[in-house]
Structure formats: C-alpha cells, structure tokens
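*Asks:* Just the structure for this:
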Amino acid sequence: MLESIRVIGNEKLANKKLIRLNTNLLYRQHKYNLLREESEGWAKMIVLLWAGAATSSQYRLGSMELKAHSEQISRNMKSLIGYFNLDPNQVLALLLNIFIFTVEKSCHFWITILLSSSWRPRQNHRKIMNQRDKSIDGMRKNQGEDTGTNGNIIAQVLGYRISQLEDATETSLDERIFSVTALLIKHGLITLDDIWDHMSPTDEQCLLQWRDYQIQVKNASKNTTSEKFSALAVNADILFSFLGTFS
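*Replies:* Residues are numbered from 1 along each chain as shown. Now for the predicted structure:
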C-alpha cells in the first residue's frame with residue numbers, strides 16, 4: 001500500500017529496515033559500563049564506598065546516625081549507577097570486596113547498606129528458616145519457594161569470591177571472607193543453603209574423605225589391638241618366668 005502511493009520506494013527494503021529497527025530496540029543485548037570501558041563512574045563509586053565505610057568507623061556513629069548515613073550512601077550509589085550506567089552486579093561485587101577488607105571496623109555499616117538495598121532477599125531468611133523443616137531435605141525443598149531470586153544474587157557474587165580462595169595464599173583473607181559470610185547469614189541476607197554449593201570440598205568429595213577416614217580408623221584400631229595383644233603376651237611370659245623362680 002505504501003509503495004503504491006509512493007510513500008516508500010521498495011516494500012522489501014522497507015520491511016528489512018523495519019525488522020532491523022525492531023531487533024535493535026527489543027532484542028539487542030544491553031551493555032553495561034564495564035570497568036575497562038570508562039573509569040570515571042567506577043572511580044566515584046570506589047571513593048564513595050571507601051569514604052562511607054571510613055566515616056562510619058572513624059566517628060562511631062549511633063544506630064540512628066548510621067541508618068541516616070547508610071541511606072545517604074545508598075542514594076548516591078543509585079545516582080552513580082543510573083548516571084554512568086554501571087552494572088549493578090559489578091557494583092555489588094565491588095561493595096562485597098570492600099566489605100571483606102573492612103569487616104573488622106565497618107561491618108554494621110555494610111549490613112545496613114545491604115539490608116536497605118534492592119539486593120536484599122524478598123523475604124527475611126531468618127523467618128524462613130524458623131518455618132522450615134529441620135531436615136536438610138526440607139531446607140532444600142523450600143529454598144526456591146520462599147526466598148525468590150534476590151537472596152541468591154549476593155550468594156552468587158560471594159560464592160564466586162569464595163571459589164577463588166584455593167588460589168589465595170593469604171590466610172587472613174580467608175578469615176575475613178568467612179566472617180562476612182557468617183554476618184550475611186546472621187542478618188538473613190543469605191542462608192547456608194544458598195552458599196553451600198559454592199564452597200569446597202563438594203559433597204561427593206566430603207563423602208570420599210569420610211570413607212577414607214573410616215578406613216584409616218579401622219586400620220589404626222586393628223594395629224592398636226594387635227600391638228596390645230603382643231604387649232600382653234610379652235608381659236605374661238615375663239610374669240610366668242618370674243613366678244617360676246619362686247616355685
């Protein structure tokens with residue numbers, strides 16, 4: 001129709017252009033601003049997070065002051081994410097990395113930030129744990145039903161960090177990461193079941209190690225028993241020979 005009234009020159013060419021336009025608008029993958037692409041937004045985010053943690057630890061803010069300070073930092077974070085088009089998951093990874101290195105001094109600040117962020121679980125994990133079965137099967141069955149997906153975002157980012165511990169040589173880093181994990185579990189941001197699959201060794205490796213340990217215990221008990229019998233036999237011979245001198 002448009003071709004017949006000479007609005008467009010070629011119908012097939014116009015259809016191809018329309019398809020390309022729809023593809024670009026609806027199906028083209030959105031690319032976030034990665035660290036290697038532009039440093040200004042990430043530099044501002046790093047300064048904001050480090051300064052926020054330093055302020056909370058240096059001035060020893062009370063609960064109300066800490067809440068107000070955390071809300072201000074959260075608003076600034078959202079502004080930077082929106083203005084510089086930063087990847088929220090990369091921002092979370094950056095936040096957790098700084099949390100790990102400042103966990104001794106600024107743990108309350110980071111927990112308050114995460115509890116007020118969009119990364120927090122949709123439902124409090126501690127309430128979920130109280131409602132669950134105490135069995136592991138019940139926990140795994142209910143995990144996907146109640147928590148939603150938000151709780152897993154923190155667990156996945158932290159789990160990737162934990163998976164890198166095998167290549168790390170600093171023991172204090174391991175302790176800080178596990179301290180952060182324990183704090184997140186305590187405050188209901190993740191559950192042990194969320195992070196379990198990211199930890200090593202795996203369940204299968206633990207089972208193999210447990211079987212090896214049982215075999216070692218059995219072998220050790222057999223050796224110990226035979227040694228005891230040998231010692232008793234030697235002592236009996238010595239006793240009988242000693243008594244024979246008086247007969």
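*Asks:* ok, His187 - how many residues close by?
*Replies:* 18 (other Cβ atoms under 10 Å). (Glycine included, C-beta is placed from N, CA and C.)
*Asks:* you'd agree it is up against Leu115?
*Replies:* Yes: judged on Cβ atoms under 8 Å, His187 makes contact with Leu115 at a distance of 6.7 Å.
*Asks:* can you give me the helices in the chain?
*Replies:* 11-26, 40-58, 63-84, 88-101, 103-115, 125-131, 136-146, 150-163, 171-186, 192-196, 203-244 (DSSP state H).
*Asks:* Need the residues touching each of His187 and Leu115.
*Replies:* Residues touching both His187 and Leu115 (Cβ atoms under 8 Å, 6 or more residues apart in numbering): none.
*Asks:* residues touching Ser57, list them.
*Replies:* Thr102, Lys105, Ser106, Phe109 are the contacts of Ser57 under Cβ under 8 Å, 6+ apart.
*Asks:* which regions of this structure sit below the pLDDT cut-off?
*Replies:* Along the chain, the parts satisfying pLDDT under 70 run over 1-8, 24-38, 123-151, 166-171, 223-247.
*Asks:* Break it into its domains for me.
*Replies:* The chain breaks down by automatic domain parsing into domains covering 1-30, 40-119+145-196, 201-234.
*Asks:* Please work out which of the ones you listed is packed deepest.
*Replies:* domain 40-119+145-196 (a mean of 16; mean count of other Cβ atoms under 10 Å).
*Asks:* first vs last residue of that one, how far apart are they?
*Replies:* 36 Å (Cα to Cα, to the nearest Å).
*Asks:* Convert the C-alpha atoms of stretch 49-58 to PDB, please.
*Replies:* C-alpha atoms of stretch 49-58 as PDB (Å, rounded to 0.1, in the frame of the first residue of the first chain):
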ATOM      1  CA  LEU A  49      32.100   3.300  49.300                       C
ATOM      2  CA  TRP A  50      35.500   3.700  51.000                       C
ATOM      3  CA  ALA A  51      34.600   7.100  52.300                       C
ATOM      4  CA  GLY A  52      31.300   5.800  53.700                       C
ATOM      5  CA  ALA A  53      33.000   2.900  55.500                       C
ATOM      6  CA  ALA A  54      35.700   5.200  56.900                       C
ATOM      7  CA  THR A  55      33.200   7.700  58.200                       C
ATOM      8  CA  SER A  56      31.100   5.100  60.000                       C
ATOM      9  CA  SER A  57      34.200   3.600  61.700                       C
ATOM     10  CA  GLN A  58      36.000   6.800  62.500                       C
END
